[in-house]
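Asks: return a 3D structure for these sequence lines:
(2 chains)
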Number of protein chains: 2
Amino acid sequence: MGSVARIHSVAQRVGKWFRAGHRLVVVPSAMSGETNRLIALAKEVSPDISSRELDVIASTGEQVAAGLLAAALQHQGIDAVSYTGWQVPLVTDSSHSKARIEHIDCTRVRRDLEQGRVVVIAGFQGVDAAQDVTTLGRGGSDTSAVALAAALRAHECLIFTDVDGVYTTDPRIVPAARRLKTIGVEAMLEMASLGSKVLLNRAVEFAGKHRVPLRVLSSFTPWDLPLAQERRGGTLITLQKEPTMEKPLISGIAFMREETKVTVRDLPDIPGTASRILAAVAAADVEVDIIVQNVSHHGSTDLTFTVARQDGAAAHKALERELPALEASGLHCDATVSKVSVVGVGLRSHASVASRMFNCLARESINIQMISTSEIKTSVIIDEAQLDHAVRALHQAFGLASEGPDLLAEVH
Amino acid sequence: MGSVARIHSVAQRVGKWFRAGHRLVVVPSAMSGETNRLIALAKEVSPDISSRELDVIASTGEQVAAGLLAAALQHQGIDAVSYTGWQVPLVTDSSHSKARIEHIDCTRVRRDLEQGRVVVIAGFQGVDAAQDVTTLGRGGSDTSAVALAAALRAHECLIFTDVDGVYTTDPRIVPAARRLKTIGVEAMLEMASLGSKVLLNRAVEFAGKHRVPLRVLSSFTPWDLPLAQERRGGTLITLQKEPTMEKPLISGIAFMREETKVTVRDLPDIPGTASRILAAVAAADVEVDIIVQNVSHHGSTDLTFTVARQDGAAAHKALERELPALEASGLHCDATVSKVSVVGVGLRSHASVASRMFNCLARESINIQMISTSEIKTSVIIDEAQLDHAVRALHQAFGLASEGPDLLAEVH
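Replies: Residues are numbered from 1 along each chain as shown, chains lettered A, B, ... in the order given. Presented below is the predicted three-dimensional model:
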């Protein structure tokens, strides 16, 4: 919610659903820019502010938004009430700024719903056993919403966001990219972890674990869109594990533009070397993505892995210290690579997907530097300069632009 | 606290007191302008916002300030912790936006103090029995501070404000006005109700009732002022009822510039008429100040009273409706009067104070339109154009500029 006008538009939309007979719990995030403003103010006062106090400050953005939304609903004549995280209470552990939800007591919320009220609950926040305010970290309001939907056994959790659903790939690169009507939880997790920014994995994982049907909708459609039409929009994140004839095997082409490839050269081929390297990197709080170790050659080997580019320097620094002990001949970082992935359910059992992917890239003269596969994705590392080209070619090769014939049949 | 620099200066001052060995609970109000910003935002969303939701929104200003101050103290290496009203908890009734404090559970605060922590508690707010956030209304942070001081049996409650104490009168009108070193609770209450804006009566009443010594200090003195010097500044609101030789009988000259005088003419002189008039005014939520009824003349009488000027129109409207039923001949409002008062302990038993006051005004050709006296003040209504002149003359006549000889002796 960016402005007073936006708050009223959200309230109108909520009112539309309410008047259609739905019982609603609404979880607003802070007004846009507010959380950043509060955190900047806190860091200005103390760059080393404790995460407990930062949570006290940052959580007020959602508290204000919840009060404002309840007021806007009341202004429409709807009986609405706002709650903060501690009022629900939504109980978390004590990991300030990245708290995990432990349980939610829905007594008060249920009583309000039974009395015909719309309940507005401040997202992003909770309270720990010591009665301290906690926040859930990035994307916390989505997680709050899914957790509340699970606790209340809601029929559906609608996430209104700034995109109108999950696409087969980034429409800025492939204009023909198509919105998926449905996507499985697992494929959604891969799409998200591979760079699709619709929803953070935490909310999707929560939805999958607690079997909450999740629907991603655009908050930019007119609020007075007929209900059925609004519900048809967006993407439903389904809980069925099996692909059905109605949906393609391949969900989309995901990518991470900014990767760094790190190579440690001429390692003695003895047990424990790789784990020592990875431990050193992990100790620097860097997450390793794809890992490839070449077969031994004259008793020595190269180990290559990729990390997010922002972590490249930290990984390099951590390994430089280890280099003498590792008896490696050198360390090389390449900050010009990207990762592109084909995501879909059951890929491992459909080897033809990988071969179709590699063929497509070869045809386009795009060199594959590393490969990694899993049950639901096949990823390759390529030159960053060729990324857009690769995404377009793969989107085309897998026929993702058209809903056309079911790809399951095509791939076999 | 107006800025990040101000927050650090407050933290430095708190640190100075802490390092001198004091155990401290600090109650910040919101950063300046923040409460007004939040209320304006809320009213923009809904002019008829419920007071419950307004409290949810408005209370965040103090919550942020408490978090920021705790962070600034931690940055100095002081172990500090912030609490909101509900975390203490500071329990109030459910009168949103003007809640009364019912009780304070100091368990958590005491434990922190015993562990050597500075405890920062968001002012202005509490929580009711239903676990809803409440606010205490105007001057609420002062009330929070006094109530916490009472509950913790604090040695003293220091109120840092934008003036450096209570003056014998407004220094903008009488440059020779002198800061009082001490003032009794009752005289302070009269000074406040008569226009001195140092502290609202609610906090002073609370201090008197719970016997909390209250010291008003300036927040604009340099934070690194030596402790003894800082404590000598300001005004101590004492709990002793008896004037001592060390302090003058007369505390000061207070005034209310904007008063309106309302006269109802030719009322039939029968019982119940005055109460009917005052009931009509009270029903319009207008507080009546001074009331004078002339002696009956040919079976009819005039009733005159004053109200704050902002309430003049409401009082007039309320009485216009009643006029036919009252059988009065007319209604007259005069919005050009002011009230000036001499405040001090034991005035009623010292008739000479009133006579000295009236003599002084007569000497200056200032006409007295109405008179009202109480145990600790004598007030007169005069023409607004003569107010500054009257204040200066009275300040001079009662010798308030110099601490000189004790006025008690002088007046007898």
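
Asks: use CA for all of it now, contacts and neighbours both
Replies: Will do.

Asks: the longest strand seen in chain A pairs with which strands, parallel or anti?
Replies: Looking across chain A with DSSP state E, the single longest strand is strand A:250-268. Looking at strand A:250-268 with DSSP bridges, its partner strands are strand A:300-308 (antiparallel), strand A:330-344 (antiparallel).

Asks: export it to PDB, keeping only CA atoms.
Replies: Once non-C-alpha atoms are left out, strand A:250-268 reads as follows in PDB (Å, rounded to 0.1, in the frame of the first residue of the first chain):
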ATOM      1  CA  ILE A 250       7.700 -27.800 -18.100                       C
ATOM      2  CA  SER A 251       6.800 -24.800 -15.900                       C
ATOM      3  CA  GLY A 252       9.300 -22.400 -17.300                       C
ATOM      4  CA  ILE A 253      12.800 -21.100 -17.900                       C
ATOM      5  CA  ALA A 254      14.300 -19.500 -14.800                       C
ATOM      6  CA  PHE A 255      17.700 -17.800 -14.500                       C
ATOM      7  CA  MET A 256      20.100 -16.100 -12.200                       C
ATOM      8  CA  ARG A 257      22.000 -13.400 -14.100                       C
ATOM      9  CA  GLU A 258      24.700 -12.600 -11.600                       C
ATOM     10  CA  GLU A 259      26.700 -15.600 -10.700                       C
ATOM     11  CA  THR A 260      30.400 -16.000 -10.000                       C
ATOM     12  CA  LYS A 261      32.300 -19.200 -10.900                       C
ATOM     13  CA  VAL A 262      35.200 -20.100  -8.500                       C
ATOM     14  CA  THR A 263      37.800 -22.600  -9.500                       C
ATOM     15  CA  VAL A 264      40.500 -24.100  -7.200                       C
ATOM     16  CA  ARG A 265      43.200 -25.600  -9.400                       C
ATOM     17  CA  ASP A 266      45.400 -28.700  -9.000                       C
ATOM     18  CA  LEU A 267      44.100 -30.000  -5.700                       C
ATOM     19  CA  PRO A 268      45.700 -33.200  -4.400                       C
END
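
Asks: give the buried residues for it.
Replies: By neighbour count on 16 or more other Cα atoms under 10 Å in any protein chain shown, the buried set for strand A:250-268 is A:250-257, A:259-268.

Asks: from the chain's centroid, how far away is it?
Replies: Relative to its chain's centre, strand A:250-268 lies at 19 Å (Cα atoms, centre = their mean, to the nearest Å).

Asks: and the residue in the stretch 151-300 of chain A that chain B sits nearest to, what does it touch?
Replies: Nearest residue of the stretch 151-300 of chain A to chain B: residue A:223, at 17.2 Å (Cα to the nearest Cα). Residue A:223 sits next to A:9-10, A:12-13 when contact means Cα atoms under 8 Å, 6 or more residues apart in numbering or on different chains.

Asks: show me the contact partners of stretch A:371-379.
Replies: Under Cα under 8 Å, 6+ apart, the answer for stretch A:371-379 is A:186-187, A:190, A:290-291, A:339-349, A:354, A:380-381.

Asks: end to end, how far does that stretch reach?
Replies: End-to-end distance of stretch A:371-379 (Cα to Cα, to the nearest Å): 6 Å.

Asks: how about that stretch: buried residues?
Replies: Buried-residue list, stretch A:371-379, by 16+ other Cα under 10 Å: A:371, A:376-379.

Asks: and stretch A:113-133, by the same measure?
Replies: Buried residues in stretch A:113-133 (16+ other Cα under 10 Å): A:116-128, A:132-133.

Asks: please identify which pair of the residues you listed lies farthest apart.
Replies: Farthest pair in the buried residues of stretch A:113-133 (Cα to Cα) is A:116 and A:132. Separation: 30.8 Å.

Asks: check contacts around residue A:99.
Replies: Going by Cα under 8 Å, 6+ apart, the list of residues near residue A:99 reads A:92-93, A:134-137.

Asks: among those, which are in strands?
Replies: Per DSSP E, these map to strands at A:92, A:134-135.

Asks: interface residues of chain A facing chain B?
Replies: A:4, A:7-8, A:41-42, A:44-46, A:48-50, A:53-54, A:56-57, A:60, A:63-64, A:67-68, A:70-72, A:74-75, A:81-82, A:87, A:131-132 (Cα under 8 Å from any Cα of the partner chain).

Asks: buried subset of those residues?
Replies: Buried members of these, counted by 16+ other Cα under 10 Å: A:4, A:7-8, A:41-42, A:45-46, A:49-50, A:53-54, A:56-57, A:60, A:63-64, A:67-68, A:70-72, A:74-75, A:81-82, A:87, A:132.

Asks: I'd assumed residue A:305 was in contact with residue A:286.
Replies: No: with contact defined as Cα atoms under 8 Å, residue A:286 does not reach residue A:305; the gap is 11.7 Å.

Asks: quick one: the helices in the stretch 1-150 of chain A?
Replies: A:4-19, A:34-45, A:51-58, A:60-75, A:107-114, A:140-151 (DSSP state H, counting those that start in this stretch).
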